[in-house]
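> Have a look at this prediction, sequence included:
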Amino acid sequence: MTLIISDTTVPATPACGAGMTCNVLYEFTYTAIKGLVESFSFSFTAPTYLQAGETPIITDFTPTDGNNSWTMTKGIATVINTGTPFEEGCFMFGTPFANLAPVLSFGSCAAGAGGPGYQAAFFVLTKGGLPTAPGTYTGLQFSGPFGAPTGTEYIGLITNAVYNTGTMTLTISETPAPLLSGAMPHLAVAGNWQTNFTLVNKDASTSEVSLNLFGEDGGLLSSNSSVPQSQLSVSGTEGVLVASNASLIVDNSGVSGQPLQVGSAQLLAKGNVGGFAIFKDALTGQEAAVPLETRDAPSYTLAFDNANGVALGLALQNVSASPANVPVILHDDKGTQIGSDTITLAGLSHTSFVLAAQYPVLANSRGTIEFDTPSGGRIGALGLRFTPAGTLTAVPVLANVTNVGGSVAHIAAGGGWKTTLVLVNTGAGATGAHLKFFDDNGSPLLLPLSFPQTGDQSPASQVDRTIAANASLVIESLGADSVATGLVQLTTDGQVSGYVILEYLPSGQEAVAPFESSGANAYVIPFDHTGGVATGTAVSNVSDLAADVPVILRNEAGNQIGTGSIALPANGHTAFVLASQFPVTANIRGTIEFATPAGAEINVLGIRMTPALTFTTLPTVTR
C-alpha cells in the first residue's frame, strides 16, 4: 500500500469575523501499515469545541476505482510521501490562514507510532463546504496489488459563526486483503480441455477466496467458471465464501466455440485454503491432478524420461507482476550438464512446450530440467507426462529438497501392476539414497527390481545406492503373477527426493505420487463421488510403533458426517475404496481427514477413478 501526495492549491480566504461563515482547520492523522489492504472505513469524532446549536456537516462521496488504485477526488487536500514506501518517518502538510502557500515539513514519529509503516499528519482548509474553484484538489490515493477499496466514505465539514481551531479524529480501519494461497503454472480451457479446481478451507472460520485466471500474455483469461455445488457463476476475480472445512469446486470449461486457451492461475484467500487442479481431456476422459504450488523456492526441478515414446510437457509461470528472465539448466541422468537457456516472461505470463521439441538434445533420454527463480521474483513450474498409450499424468516438481527423505503411501507390483521409482539428487555432491519396501503387515516386502539405466536386476526389499550430484536413478518392479501392495520409505544422506509411478499395464493408465515428508498434523483428501466417480485411498504408518489413525468425514459444506479409526501395525499399510469403507460418502462430495496420532508419522494417498476407466492421483491437503 502506498500513500501518494501531489501538489494542491487552495482558494483565497476572506477575513473571518463574528457572524460570518468561516474556514475551520481540522487535523487528520493516518498511519499506513506495510502490508496488503483491501478496504478502509472512516469514522469521525465531532470536535469538542462546537458551540451550542452547532453541528458538523457530513458530506458523503464515492471514491473512484481503477488500475489498482483508489482516488478520493473531493473534500481533502493531498499529501505526499517523498521517501521510500514503508519507510518509517512522519510528515505534515498544512495551509495556515496567515500563509496560503502549502507547507510541508518532516519530523520524527511520535512515541509509539513506529512499526513497519509511516505516519502522515496533515491539515485541510475548507471554505464552508467542499472545495470549489479556483482550487485544485486531487485527494488521497491508495494503491495495492490486489485491487482498489470500494464503498462510500465520509468527510466532515463545519460552518462556524466564529473562527475556532480544533481537531477532528479520522479513524481508518483495515480489512486484511486476500493473500496468495497458491499458484497453478498451467491451465487449459475450451477446445477439448477443462481445468477444474478443488479447494478446501482448512481454517476454523469462513474464508473468502478468489481465483484469478491469466492468459499466456499475463492478461485476464476469459473462461466459463461455475461452482457446481450452487450453480452460481463466478468470474476470475470474484470472491466466494467457503465455510470452515468445506470444499469448493470451480469448473472452467472455456467459452463455447472458443479455440483452446492456455495460461495460469493464482488463488487468493483470506484464510488457510489449499487444493489442486484437475486437467481433463473431454474426448478421451484422461485426467491429471496437480497440487497448487505454495512454495516460493530458489529453484524447481523436474525429472524427465523421454525414452520409449514417452514425452514430457512443461509449463512455466511468472507469479510476479514484474517481467522475469528465468535461467534453465539441463542435466542428463548421470548429472552432467548438457545445456542451458534463459526464458523471458512478462509479468503474470506463462509459457508451455514439449520438452524434447524445445530442447532436442533431450530427445530419447532421461535427466532433469531446472528452473531458477530470478532475484526478487517468483515462478512456478509444472510437468505432464504423456505415454504412447494416450494417457497423461502430472510429474511432481522438486523444490526445497532436504535430507529428510520421505515415503509413498502405496505401491503395487504384479498382477498387471508396475511400480517405477524415480529419485533425483538436487544437491551439489554425490550422496546416498536408501529405500525400504514394506508389505501391508509392516514386514519387509521382497520385490523383483530392475535398474534400466544399468541393466541390473535383483530381488530385494531394500536398495542402497549412491547418486551423483544432479543425477537421477530409476528403479522398476513388475512384480509377480499376483499383486503385492505396501509402502516405500526413503532415507538419504543428502538432498534426494522423487516420486513413484503406479502403472496398470493392461490399459497403460498411470498415477504418480511424490515422496511425502511434511510430517503434517493431518492429511485431507477431497473426494467427488458424483457422476460415477470413485476414490481409492491408501494409508501407511511410517513408524516402528503400531498406530490407530483417527478419521473424520465431512460433506462439501464442511459438516461432519462420520468418524472412524484405522489400526495399522508398525510400518503397515492399508488400501480401500472410500465409499465401500465409509458408505456415508457415496454419491456426494466432501473430504476425509486422517489425523496423525501423537508420536507417530503417517502418509496417505488418494486415487480418483472415473467411469471412463481413467485414474489419477489426488493430492492431499495438509494441516
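Nice, I can see it.

> low-scoring stretches of this protein, by residue?
Residue ranges of the chain with pLDDT under 70: 1-178, 230-239.

> Give me the domain ranges for it.
2-176, 179-395, 401-517, 522-623 (automatic domain parsing).

> tell me the contacts of residue 284?
390, 612, 614 (CB atoms under 8 Å, 6 or more residues apart in numbering). Glycine gets a C-beta too; all of them are placed from N, C-alpha and C.

> Please read the previous query as pertaining to residue 253.
Counting by CB under 8 Å, 6+ apart, residue 253 makes contact with 189-190, 194, 223-224, 226.

> Going by distance to residue 456, which of the contacts of residue 284 wins?
residue 390 (30.9 Å; CB to CB).

> distance of the closest one from residue 189?
As judged by CB to CB, to the nearest Å, residue 390 and residue 189 stand 21 Å apart.

> The longest strand belonging to the chain - contacts with which helices or strands?
As assigned by DSSP state E, the longest strand anywhere in the chain is strand 179-189. With contacts defined as 3 or more CB pairs under 8 Å, 6 or more residues apart in numbering; DSSP states H and E, the packing partners of strand 179-189 are strand 193-201, strand 207-215, strand 261-269, strand 273-281, strand 311-318, strand 350-354, strand 379-386.

> who wins for neighbours among the contacts of residue 284?
Within the contacts of residue 284, neighbour counts (other CB atoms under 10 Å) peak at residue 614, which reaches 22 neighbours.

> Surely that residue is in contact with residue 510?
No - contact criterion CB atoms under 8 Å: residue 614 and residue 510 do not qualify, at 9.9 Å.

> Now for those two: what residues contact both?
residue 391.

> Wait, residue 347 touches residue 322, no?
Yes - at 5.3 Å, residue 347 counts as touching residue 322 under the criterion of CB under 8 Å.

> ok, residue 441 to residue 580 distance?
21 Å.

> actually residue 567, not the one I typed
18 Å.

> re earlier: same list (the helices and strands packed on strand 179-189) but as TSV, adding distance to residue 526.
Shown next, in TSV, are the helices and strands packed on strand 179-189 (distance: least, CB to CB, whole Å):
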stretch	distance to residue 526
strand 193-201	5
strand 207-215	14
strand 261-269	14
strand 273-281	7
strand 311-318	23
strand 350-354	25
strand 379-386	20
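
> Please, where are all the helices along this structure?
355-358, 578-581 (DSSP state H).

> Just tell me which of these ends up closest to residue 470.
Of the helices of the chain, nearest to residue 470 by CB to CB is helix 355-358, at 16.5 Å.

> helices or strands up against the closest one?
strand 311-318.

> Name the residues that touch the strand it packs on?
Contacts of strand 311-318 (CB under 8 Å, 6+ apart): 183-186, 218, 264, 302, 304-306, 324, 326, 343, 345-356, 358, 369, 371, 377-386, 395.

> Can you say which of the helices and strands packed on strand 179-189 is nearest to residue 409?
With CB to CB as the yardstick, what comes closest out of the helices and strands packed on strand 179-189 is strand 273-281 (16.4 Å).

> tell me the angle of the closest one relative to strand 207-215?
40 degrees (axes from the mean of the first three to the mean of the last three CA atoms, to 10 degrees).

> What strands line up against strand 273-281, and which way round?
Strand 273-281 pairs in its sheet with strand 193-201 (antiparallel), strand 287-291 (antiparallel), by DSSP bridges.

> just the angle between the last one and strand 311-318, please?
Angle of strand 287-291 versus strand 311-318, following the same axes, to 10 degrees, is 40 degrees.

> Tell me which residues are up against strand 287-291.
With CB under 8 Å, 6+ apart, strand 287-291 has contacts from 184, 186, 275-281, 382, 384, 392-394, 608, 610, 614-619.

> Quick check: closest non-adjacent residue to residue 224.
residue 253 (5.3 Å; CB to CB, 6 or more residues apart in numbering).

> What separation do you get for the one you found and residue 350?
19 Å.

> residues of stretch 509-526 that come out buried?
Across stretch 509-526, burial judged by 16 or more other CB atoms under 10 Å covers 509-517, 520, 522-526.

> Pull the contacting residues for the nearest residue to residue 306 once chain neighbours are set aside.
Leaving aside its sequence neighbours, residue 306 sits nearest to residue 356 (CB to CB, 6+ apart; 5.2 Å). Residues near residue 356 by CB under 8 Å, 6+ apart: 306, 311-312, 362-364.

> Check the gap between the residue nearest to residue 224 and residue 240 for me.
18 Å.

> How about residue 519?
Taking CB to CB, one finds residue 519 at 31 Å from residue 240.

> can you pull the contacts of residue 497?
Contacts of residue 497 by CB under 8 Å, 6+ apart are 398, 401, 405-406, 423-424, 426, 490, 514-515, 517.

> Include distance to residue 530 when you put those residues into a markdown table, please.
Listed next are those as a markdown table, based on distance: CB to CB, whole Å:
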| residue | distance to residue 530 |
| --- | --- |
| 398 | 34 |
| 401 | 37 |
| 405 | 37 |
| 406 | 33 |
| 423 | 37 |
| 424 | 37 |
| 426 | 40 |
| 490 | 36 |
| 514 | 27 |
| 515 | 31 |
| 517 | 33 |
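
> Restricted to buried residues, select those in ChimeraX.
A single ChimeraX command selects the buried members of the contacts of residue 497 (16+ other CB under 10 Å):
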select :398,401,405,406,423,424,426,490,514,515,517
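
> Going by distance to residue 498, which of the contacts of residue 497 wins?
Residue 498 lies nearest to residue 423 out of the contacts of residue 497, by CB to CB, at 4.1 Å.

> No more questions from me, cheers.
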